[in-house]
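Undergrad: Take a look and give me a structure for this.
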Amino acid sequence: MKNLIFSLLTLHLVLLGAYQSLGSDKTGVQQTMPAGSANEQRFTVPSDSVLRQRLTALQYQITREDGTEPAYDNAYWNNYAPGIYVDVISGVPLFSSIDKYDSDTGWPSFTRPLEPDHIVLGVEQRYYFNVFREVRTKLSDAHLGHVHEDGPPPTGLRYCLNSGALRFIPLAELEKEGYEEYLGLFK
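TA: Alright, predicted model coming up:
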């Protein structure tokens, strides 16, 4: 029995370490995502020292220290303009206004990611009857928020995110900002 418990504990620690290291380089070396979009855009993750200069204190706390911004007191909770939301650190496309809805939580909420391969979900957690998982970006390892199983159709999911972890690219600026492959979503 002790061997089984020890094996399970070891497996848990190994998996936890693998999850925490996904997309993360704690050495401060800049990371790069290979070009894969139609415009051959490259996404990079600046070093921690650059991030401390580039991000606001709240953005840094959210993305690097797993913080949470105040409900109803953030940039995008009630933004319904057409466009996409990208990682504030790397610029990787994450969510679309097409999948955004008012969840009455005070945070921007979406039914699904724009690019599922750009996010990583943490282990399932429960708080009373609420089941949720942490949502992080794959490349920059930024904390975005949580996904809950109480969302509307068609997915039944609610990606409840921090505005401070996102940057909104309005539809009119998609091409100028290098995200022209997403223009077709809004036709």
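
Undergrad: Enumerate the positions of stretch 124-131 that are buried.
TA: By 16 or more other Cβ atoms under 10 Å, stretch 124-131 has no buried positions at all. Any C-beta I mention is one placed from the backbone N, CA and C, and that applies to glycine too.

Undergrad: distance between the ends of that stretch?
TA: 7 Å (Cα to Cα, to the nearest Å).

Undergrad: next one: it to chain centre, how far?
TA: 20 Å (Cα atoms, centre = their mean, to the nearest Å).

Undergrad: on contacts alone, who are the packing partners of whichever strand or helix holds Leu94?
TA: Per DSSP states H and E, Leu94 falls inside strand 93-96. Strand 93-96 is packed against strand 83-87, with contacts defined by 3 or more Cβ pairs under 8 Å, 6 or more residues apart in numbering; DSSP states H and E.

Undergrad: pLDDT averaged over the strand it packs on, what's the number?
TA: The pLDDT scores in strand 83-87 average 98.

Undergrad: Can you list the strands that that strand pairs with?
TA: Here strand 83-87 is paired, per DSSP bridges, with strand 93-96 (antiparallel), strand 166-170 (antiparallel).

Undergrad: quick one: Leu174 from Leu157, how far?
TA: For Leu174, the distance to Leu157 (Cβ to Cβ, to the nearest Å) stands at 25 Å.

Undergrad: Please, where are all the helices along the chain?
TA: 2-21, 48-54, 57-65 (DSSP state H).

Undergrad: Least confident of these, on average?
TA: helix 2-21 - the lowest mean pLDDT of those, at a mean of 39.

Undergrad: if I look at Gly67, how far off is Arg54?
TA: In terms of Cβ to Cβ, Gly67 sits 17 Å off from Arg54.

Undergrad: Between the two, which is the more surrounded one?
TA: When Gly67 and Arg54 are compared on other Cβ atoms under 10 Å, the one with more neighbours turns out to be Gly67, at 16 against 12.

Undergrad: which one is that one nearest to, not counting chain neighbours?
TA: Gln61 (3.7 Å; Cβ to Cβ, 6 or more residues apart in numbering).

Undergrad: Just give me the neighbour total for that neighbour.
TA: So Gln61, with other Cβ under 10 Å, has 17 neighbours.
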